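A.B. asks: Got a predicted model here, sequence first, then my questions.
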Amino acid sequence: MLPIIWLIWSSFKPTLELLSHPYPPKNFTYINFVNAFYMMDFTKSFINTIIITLSVVPATLIISALIAYPFAVHEFRGKTFFTIFLISGILVPSQVIFIPLFMLLKTIGLVNTLLGVILPQIANGIPLGFLVFVSFFRGVLREVIEAARIDGSSELEILVRIVIPLSKPAFIFIGIFKGVLTWSEFTIPLIVLYDRTLYPLTLSMQVFKQQYAGVYWAEMFAGLTLNILPMLVIYGLFSSKFIRGITLGAVKG
């Protein structure tokens, strides 16, 4: 927590005090946040980041759950092969796919669009979501699923009404984990976007740093604080369930 605490209290320092000592501020000031808000065009970047995050996280959860359910409760030919194939996506370094990703997005006309940023991040999250959900879904009693089938429930109804409610820790874990990664994603927006009106917070921070490097340090710290604050709040609210999702997944796996 110390780097985060240091970042936050540095945001309230005047520039001269920030450069003179690393200790808590003696003269609190809020002007850094006001300046950063307007200099970074924070409102537009924040909206873009919200759109990307709220598109990526639910889509990743839904698609991963739909893929994981048949692997967890059914036996079929090629199951082992397809399981290894899906999980192997975790092992692929992101740097390997940048050039083919850009060429693919350019071919289908998604360069410099928010959709071009959203779709690759959904794909990146599916392998981990699949791995976690399969582990949790296997923990649901088969007797309960079979009883629901006898009562005439479809597989989708079983997933929505029985399996998902019993796997809430997994959804919270993947949701927070993928949300933090999406919120802080820098590389994919960098290679896809060139219109500054579409920039998320991470790119706006980089542009701000390049334009005002060595001058507006206090404003840069304030911008970083504004950037990480939503994720800190969300993690603080759901931290216990996040940790529970990790531990239960480890035990069930």
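C.D. replies: Thanks, I have the structure now. Keep in mind the model is a prediction, meaning the values are calculated, not measured.
A.B. asks: Tell me, how many residues neighbour T202?
C.D. replies: Taking other CB atoms under 10 Å as the neighbour definition, T202 ends up with a count of 18. Backbone N, C-alpha and C define where each C-beta goes, glycine included.
A.B. asks: residue contacts, it?
C.D. replies: Shown in contact with T202 (CB atoms under 8 Å, 6 or more residues apart in numbering): T49, S184, E185, F186, P189, N227.
A.B. asks: The fourth one and Q206 touch, don't they?
C.D. replies: Yes - applying CB atoms under 8 Å as the test, F186 and Q206 come out as touching, 7.3 Å apart.
A.B. asks: returning to what we had before: from the contacts of T202, keep the buried residues only.
C.D. replies: Among the contacts of T202, those scoring as buried are T49, E185, P189, N227 (criterion: 16 or more other CB atoms under 10 Å).
A.B. asks: Show me the two of those that sit farthest apart.
C.D. replies: P189 and N227 (13.5 Å; CB to CB).
A.B. asks: ok so, going back, just the closest of the buried ones among the contacts of T202 to V96, please.
C.D. replies: The shortest gap between V96 and any of those belongs to E185, at 16.7 Å (CB to CB).
A.B. asks: Can you read off the backbone torsions of the closest one?
C.D. replies: phi -60, psi 130 (degrees, to the nearest 10).
A.B. asks: Pretty sure it sits against L201.
C.D. replies: No - judged on CB under 8 Å, E185 makes no contact with L201 at a distance of 10.1 Å.
A.B. asks: Report the central residue of this protein.
C.D. replies: G179 (2.6 Å; CA atoms, centre = their mean).
A.B. asks: what helix or strand is it on?
C.D. replies: helix 168-183 (DSSP states H and E).
A.B. asks: pLDDT averaged over that helix - what is it?
C.D. replies: Average pLDDT, helix 168-183: 90.
A.B. asks: likewise stretch 57-65?
C.D. replies: 96.
A.B. asks: try stretch 76-86
C.D. replies: Rounded to a whole number, the mean pLDDT of stretch 76-86 is 90.
A.B. asks: now that stretch: how far from the chain's centre is it?
C.D. replies: On the basis of CA atoms, centre = their mean, to the nearest Å, stretch 76-86 is displaced by 27 Å from the centre of the chain it belongs to.
A.B. asks: Now that stretch: buried residues?
C.D. replies: Within stretch 76-86, the residues that count as buried by 16+ other CB under 10 Å are L86.
A.B. asks: circling back: output the contacts of T202 as CSV; include the columns distance to F171.
C.D. replies: Shown next, in CSV, are the contacts of T202 (distance: CB to CB, whole Å):
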residue, distance to F171
T49, 22
S184, 20
E185, 21
F186, 26
P189, 26
N227, 25
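A.B. asks: Closest one to Q210 out of those, please.
C.D. replies: Using CB to CB, the shortest approach to Q210 within these belongs to F186, at 13.5 Å.
A.B. asks: Return the distance of the nearest residue to the closest one once chain neighbours are set aside relative to L16.
C.D. replies: Closest residue to F186 apart from its sequence neighbours, by CB to CB, 6 or more residues apart in numbering: T202 at 4.4 Å. For T202, the distance to L16 equals 28 Å [CB to CB, to the nearest Å].
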